[in-house]
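Engineer: Take a look and give me a structure for this.
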Amino acid sequence: MTTRWLTPKEQRAWRAYIAATHLVEDALDRQLQQDAGMPHLYYSILANLSESPGRQLRMTDLAERTKITRSRLTYAVTRLAKDGLVRREDCRWDKRGSVAALTDEGMAVLERTAPGHVGRVRAALFDHLTEEQVGQLEEICAGITRAMETEGSRPASDDVPWRRRSAPPPCG
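Structural biologist: So this is what the prediction gives:
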């Protein structure tokens with residue numbers, strides 16, 4: 001098999017992407033640690049639950065939305081539950097699964113933290129882009145996401161994070 005090395009232009013784009021994503025994620029993590037004592041991932045879990053009917057999601061659906069492994073989600077939800085921000089419940093429609101539900105306290109933390117988070121997202125990313133670049137960014141990222149999810153759509157595939165299992169299958 002012949003390696004298709006990156007062209008100089010692709011190498012520059014790749015390194016720019018890596019630098020930008022690391023810097024943006026670091027800025028968001030620092031802001032959320034300061035304002036809410038939580039990493040960006042935990043905030044994303046709360047935000048996804050707040051946007052769902054009844055402020056709850058089945059754990060497998062939440063893993064898919066946050067693009068993380070089930071074991072990482074289980075750990076995060078356990079920590080959030082310990083802080084009283086979410087509840088973990090048995091799934092009423094599927095006895096094998098479980099549901100994460102946003103508590104009123106979790107919603108209050110989210111509402112209190114959201115303005116600072118949005119301000120940091122804007123300052124770290126969108127304030128540096130033109131309207132046209134925002135559209136291009138969306139198009140590029142959506143295209144990458146579609147391609148990666150389609151690759152992982154084969155039955156029983158472990159190509160996407162939310163289908164990976166590092167241990168025996170969890171309940172969710």
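Engineer: Convert the helix or strand bottoming out on mean pLDDT in the chain to CSV, retaining C-alpha atoms only.
Structural biologist: One helix or strand of the chain scores below all others by mean pLDDT, DSSP states H and E: strand 86-90, with a mean of 89. C-alpha atoms of strand 86-90 as CSV (Å, rounded to 0.1, in the frame of the first residue of the first chain):
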residue,chain,number,x,y,z
VAL,A,86,-28.4,15.6,36.1
ARG,A,87,-30.3,12.4,37.2
ARG,A,88,-29.8,9.0,35.7
GLU,A,89,-33.0,7.0,35.4
ASP,A,90,-34.0,3.6,33.9
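Engineer: That one: what's the following helix or strand?
Structural biologist: Moving toward the C-terminus from strand 86-90, the next helix or strand (DSSP states H and E) is strand 98-102.
Engineer: quick one, helices of this protein?
Structural biologist: For the chain, applying DSSP state H gives helices covering 8-36, 40-50, 59-66, 70-82, 104-124, 131-151.
Engineer: how about JSON lines for those, with mean pLDDT and mean neighbour count added?
Structural biologist: Using the backbone N, CA and C atoms, a C-beta is placed for each residue, glycine as well. Listed next are those as JSON lines, based on pLDDT from 0 to 100; neighbours: other C-beta atoms under 10 Å:
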{"stretch": "helix 8-36", "mean pLDDT": "97", "mean neighbour count": "13"}
{"stretch": "helix 40-50", "mean pLDDT": "97", "mean neighbour count": "21"}
{"stretch": "helix 59-66", "mean pLDDT": "92", "mean neighbour count": "21"}
{"stretch": "helix 70-82", "mean pLDDT": "95", "mean neighbour count": "18"}
{"stretch": "helix 104-124", "mean pLDDT": "97", "mean neighbour count": "15"}
{"stretch": "helix 131-151", "mean pLDDT": "92", "mean neighbour count": "11"}
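Engineer: Now the residue nearest the centre of the chain. Nearest residue, chain neighbours left out?
Structural biologist: What sits nearest the mean C-alpha location of the chain, by C-alpha atoms, centre = their mean, is Thr66, with 3.0 Å. Excluding its sequence neighbours, the residue lying closest to Thr66 (C-beta to C-beta, 6 or more residues apart in numbering) is Ser44, at 5.4 Å.
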